[in-house]
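A.B. asks: this is a predicted model, with the sequence first.
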Amino acid sequence: MSTEASIPKSTDNLQGFSKEGLAELDARFHALIDEGQQANVVNLIARHGQIVHCDAYGVQDVSATPPVPVKTDSIYRIASMTKPLTSAVAMMLWEEGKWALEDPVSKFIPEFEGLKVKQENGELVAQASPMTMKQLMSHTAGFAGRTEYPAELRAGDLQHMIDYLAKQPLSYQPGKEWRYGPSVDILGYIIQKLTGKGVDAVLQERLLGPLGMVDTGYVLPESKFARLVSNHKNDDNGKLQAIPLAGTYNAVRPRFIGAGGGLMLSTVKDYWRFCQMILNGGEFEGKRYLKASTVELMHTNVLEPGVTLNFQARSFGPIGFGLGFAIVYDHVDKKTSQAAGSFWWGGLFGTWFWIDPVNDLIVIGLINSTTWQTPVGVPVGRELSAKLVYKALNA
């Protein structure tokens, strides 16, 4: 059943946004498509619980004839934007007393008991203190970055991943660095152990189904195939081209269920439903999913002093991390146009979102491209979107 009718929309009331500012937002993103830099984009802005603006522009596949325009219900690969979904489900189990923030990860994964830490000189030493669940959820548990592991890590199921990691030393002392690795996939494995169900089933039962996220999941039914956007890349001459669809989505349930990413699919309005629930303090359309205090904890910085977010040895600047979200500090030298106090994440293929509780604001952008990232892996669209969104916000 479609949930379109239940989505509140703001047409005459722009909730403090200027029509001219929103028009500039569209014009700037449309120009990127018209110039051949991207195939398409879908942007959504919501404020005070209402969708103020939702725009889709471009085509699903630049190589297709005839071209198929993207729509606001086009289906995109959201990659690591899966992580906040998994984290929210984990926090539901936390509220139920299934685990505690200071629990050692080895309580749930005995194979990780006594893992050594590899120092820069190659020496293996004991953990100064056992990695905790809080550290696992904040990417500070000691595991290496994702690109530091071979493809074998995801070659089997989640148990295969655990068996592989149990034979590898940690890359740093738990809590002392932030590295973007397999932590949320490991969290998904723990969710499976705590519930006795596949992490995909738990996500569906606890979050996606009740929220009405009808187009979000790991498997694309044949009935929805026509709405799937192609991924894109630049050829050797810098010209945009579509990547063949085979291998870029799951037609059947995959062996490896990437709780931290993989080929999760969604639409902009599906993901808005999740973001609105979080911005509402854990409630959406009369149903409570999380306590307000739990949601606040999720976007409260838990990193130890001096630990910063880094991709490829480059720092994000004054950005903290909570239990599933990165958080913008109130610093004058912040390296983002997002408002202080906002929390966010993004996906490998250029998708982005942030939630701004100060301005009661949600912004989501969807693009699928393997090339539109900054050197530190940040979607270019998020920073462009942030500059234009706050410029358009008058009140």
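C.D. replies: Structure's in. What do you need?

A.B. asks: residue 265 contacts residue 75, correct?
C.D. replies: Yes: taking contacts as CB atoms under 8 Å, residue 265 lies within contact range of residue 75: 5.2 Å. Glycine gets a C-beta too; all of them are placed from N, C-alpha and C.

A.B. asks: what do those two both touch?
C.D. replies: Shared contacts of residue 265 and residue 75 (CB atoms under 8 Å, 6 or more residues apart in numbering): 215, 220, 228.

A.B. asks: by neighbour count, which of these wins?
C.D. replies: Greatest neighbour count in the shared contacts of residue 265 and residue 75, by other CB atoms under 10 Å, goes to residue 215: 23 neighbours.

A.B. asks: three-state assignment of residue 205?
C.D. replies: Three-state assignment for residue 205 (DSSP: H, G, I helix; E, B strand; the rest coil): helix.

A.B. asks: ok, it - how many residues close by?
C.D. replies: 13.

A.B. asks: kindly report the same for the one 3 residues further on.
C.D. replies: For residue 208, the tally of surrounding residues (other CB under 10 Å) stands at 23.

A.B. asks: pretty sure it sits against residue 218.
C.D. replies: No: using CB under 8 Å, residue 208 is not in contact with residue 218, being 10.3 Å away.

A.B. asks: got any ranges where this structure has weak pLDDT?
C.D. replies: Along the chain, the model assigns pLDDT under 70 to residues 1-12, 311-317, 330-335, 372-379, 395.

A.B. asks: show me it divided up by domain.
C.D. replies: Domain segmentation of the chain under automatic domain parsing yields 4-87+199-392, 101-195.

A.B. asks: quick one: closest of the ones you listed to residue 95.
C.D. replies: domain 4-87+199-392 (5.9 Å; CB to CB).

A.B. asks: quick one: the helices in the stretch 101-250 of the chain?
C.D. replies: For the stretch 101-250 of the chain, the helices defined by DSSP state H, counting those that start in this stretch cover 133-137, 158-165, 183-195, 199-203, 209-211.

A.B. asks: of the ones you listed, flag the one that's most buried.
C.D. replies: Mean neighbours per residue, mean count of other CB atoms under 10 Å, is largest over the helices of the stretch 101-250 of the chain for helix 133-137, with a mean of 24.

A.B. asks: ok now that helix, how far from the chain's centre?
C.D. replies: 17 Å (CA atoms, centre = their mean, to the nearest Å).

A.B. asks: need the CA coordinates for that helix. CSV is fine.
C.D. replies: What follows is helix 133-137, C-alpha atoms only, in CSV (Å, rounded to 0.1, in the frame of the first residue of the first chain):
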residue,chain,number,x,y,z
MET,A,133,29.8,-1.8,22.7
LYS,A,134,29.9,2.0,22.9
GLN,A,135,33.2,2.0,21.0
LEU,A,136,31.8,-0.4,18.4
MET,A,137,28.9,1.9,17.7
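
A.B. asks: before we move on, the earlier item: and of the shared contacts of residue 265 and residue 75, the nearest to residue 256?
C.D. replies: So of those, ranked by how close each gets to residue 256 (CB to CB), first place is residue 220, at 16.4 Å.

A.B. asks: show me the contacts for the residue nearest the centre of the chain.
C.D. replies: For the chain, residue 81 is the residue whose C-alpha lies nearest the centre (CA atoms, centre = their mean; 1.7 Å). Going by CB under 8 Å, 6+ apart, residue 81 touches 264, 266, 271, 345, 346, 347, 351, 353.

A.B. asks: let me have these in a markdown table, extended by neighbour count.
C.D. replies: Listed next are those as a markdown table, based on neighbours: other CB atoms under 10 Å:
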| residue | neighbour count |
| --- | --- |
| 264 | 29 |
| 266 | 26 |
| 271 | 24 |
| 345 | 21 |
| 346 | 23 |
| 347 | 23 |
| 351 | 27 |
| 353 | 27 |
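
A.B. asks: and the strands in the stretch 201-350 of the chain?
C.D. replies: Secondary structure of the stretch 201-350 of the chain, counting by DSSP state E, counting those that start in this stretch: strands at 232-234, 240-242, 265-266, 283-284, 287-288, 310-311, 314-315, 319-321, 326-328, 343-346.
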